[in-house]
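**Q** compute the structure for the input listed below.
(one chain, ligands or ions: 1)
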Amino acid sequence: MSLRIGVDIDGVLADFRTAFHATAQRCLNRDVTGVNDPKSSEQLDDRDVRRVWDFIARTTNWWMDLQPYEQDQIARLYDLTRAARWEVIFVTNRPPSAGDSVQFQTQWWLERQGFYLPAVLTVPGSRGELANALRLDVLIDDLLRNCVDVVTGSAAKALLMLRDEDDTMRQHAMNRGIGVVPTLAQALPVLEHLHEEMPKRRGRLLRLADWFKPAQNANHTLPHNPRLTQPLPERTRPQLPTPHHPTARREETQG
Ligand SMILES: [Mg+2]
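**A** Numbers count the residues shown, from 1 in each chain. Predicted coordinates for the structure are as follows:
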């Protein structure tokens, strides 16, 4: 049986945060630098958040203009899906905007990133119930509560897309049997591994260690740049002496 995969859109494939931030700036007509998570509305008060969502609701096909995080990986997900005969269902609870339906806007956007004929479901509510109804094997989502919902309310596995470094959240997720990846590029090998393991173990309990093998460089405790708070000073390139031109040398000796 082929793998059935649910994929959330915002925060996993599409950079909703930056688009919301830019829209807030435009519609509130002031600097909103520091808005970290628009959905949690930490920096904007409720009234501002409502104004931004109203603005989005009036904007024609707002959801079509979002930037992808990793366009090449969306295309790669499509290639893998075709090759491995996976069934991928994109799930989102995006509110409507003017223009086409949210479903159409999302399908159009996915095709533009290289995933053709995408199945898109626009459903609010419990991700656990959804995973059950769709008989999903795994759901990729950027919200921990959705992942917890899936592992507690269904037999599906959950993969948390944690794009920001957050060791506490990562540990919380792992303790609940949820895999954690920082990028789509690192989620795809996990799906490939799950694809190999599932048929061998169907009907048996699949623990996190059985199906989730994080990439070697996904260790958040060892950041690539050890001086994140203190960037290394700019270094100037050492000036190398100009090599002697052989012709010039010949002319010198001849002269
Ligand atoms: Mg999301």
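
**Q** and the nearest residue to residue 5 once chain neighbours are set aside, what does it touch?
**A** Spatial nearest neighbour of residue 5, chain neighbours left out: residue 88 (4.9 Å); criterion: C-beta to C-beta, 6 or more residues apart in numbering. For every residue, glycine as well, the C-beta is placed using N, CA and C. Counting by C-beta atoms under 8 Å, 6 or more residues apart in numbering, residue 88 touches 5, 6, 7, 77, 81, 115, 118, 119.

**Q** what does the model give the fourth one for pLDDT?
**A** Read that as residue 77. Residue 77 is assigned 97 on the pLDDT scale.

**Q** next one: it from the ion, what distance?
**A** Taking C-beta to the ion, to the nearest Å as the measure, residue 77 falls 16 Å from the ion.

**Q** surely that residue meets residue 184?
**A** Yes - using C-beta atoms under 8 Å, residue 77 makes contact with residue 184 at a distance of 7.1 Å.

**Q** coming back round to it: quick one, which of the contacts of residue 88 are buried?
**A** The neighbour count (16 or more other C-beta atoms under 10 Å) marks 5, 6, 7, 77, 81, 115, 118 as buried among those.

**Q** what about the residue nearest to residue 5, which SS state?
**A** At residue 88, secondary structure determined by DSSP: H, G, I helix; E, B strand; the rest coil is strand.

**Q** relative to residue 167, how far out is it?
**A** Look at residue 88 and residue 167: by C-beta to C-beta, to the nearest Å, they are 30 Å apart.

**Q** these two touch, right, residue 12 and residue 143?
**A** No - here residue 12 lies out of contact with residue 143, judged by C-beta under 8 Å, at a distance of 9.7 Å.

**Q** which of these two has more neighbours?
**A** residue 12 (26 against 16; other C-beta atoms under 10 Å).

**Q** now that one. Nearest residue, chain neighbours left out?
**A** In space, residue 12 is closest to residue 161, 4.7 Å off (C-beta to C-beta, 6+ apart).

**Q** who is the one you found paired with across the strands?
**A** Judged by DSSP bridges, the bridge partners of residue 161 are residue 181.

**Q** show me the contacts for it.
**A** 8, 11, 12, 140, 141, 142, 181, 182, 183, 184, 187.

**Q** isn't the first one up against residue 145?
**A** No - counting by C-beta under 8 Å, no contact exists between residue 8 and residue 145, whose distance comes to 12.0 Å.

**Q** ok, these two, which is more surrounded?
**A** Applying other C-beta under 10 Å to residue 8 and residue 145 shows that residue 8 carries more neighbours, namely 22 against 9.

**Q** thinking again about what came up before, let's have the contacts of residue 88 in TSV, adding secondary structure.
**A** Output for the contacts of residue 88, formatted as TSV (three-state DSSP):
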residue	secondary structure
5	strand
6	strand
7	strand
77	helix
81	helix
115	coil
118	coil
119	strand
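
**Q** which residue packs closest to residue 73, ignoring adjacent ones?
**A** Closest residue to residue 73 apart from its sequence neighbours, by C-beta to C-beta, 6+ apart: residue 184 at 4.1 Å.

**Q** before we move on, what about residue 111?
**A** Counting by C-beta to C-beta, 6+ apart, the residue nearest residue 111 is residue 118, at 6.8 Å.

**Q** who touches the one you found in this structure?
**A** For residue 118, the contact set (C-beta under 8 Å, 6+ apart) comprises 88, 90, 106, 107, 110, 111.

**Q** need phi/psi at it.
**A** The phi/psi pair for residue 118 (degrees, to the nearest 10) reads phi -80, psi 140.
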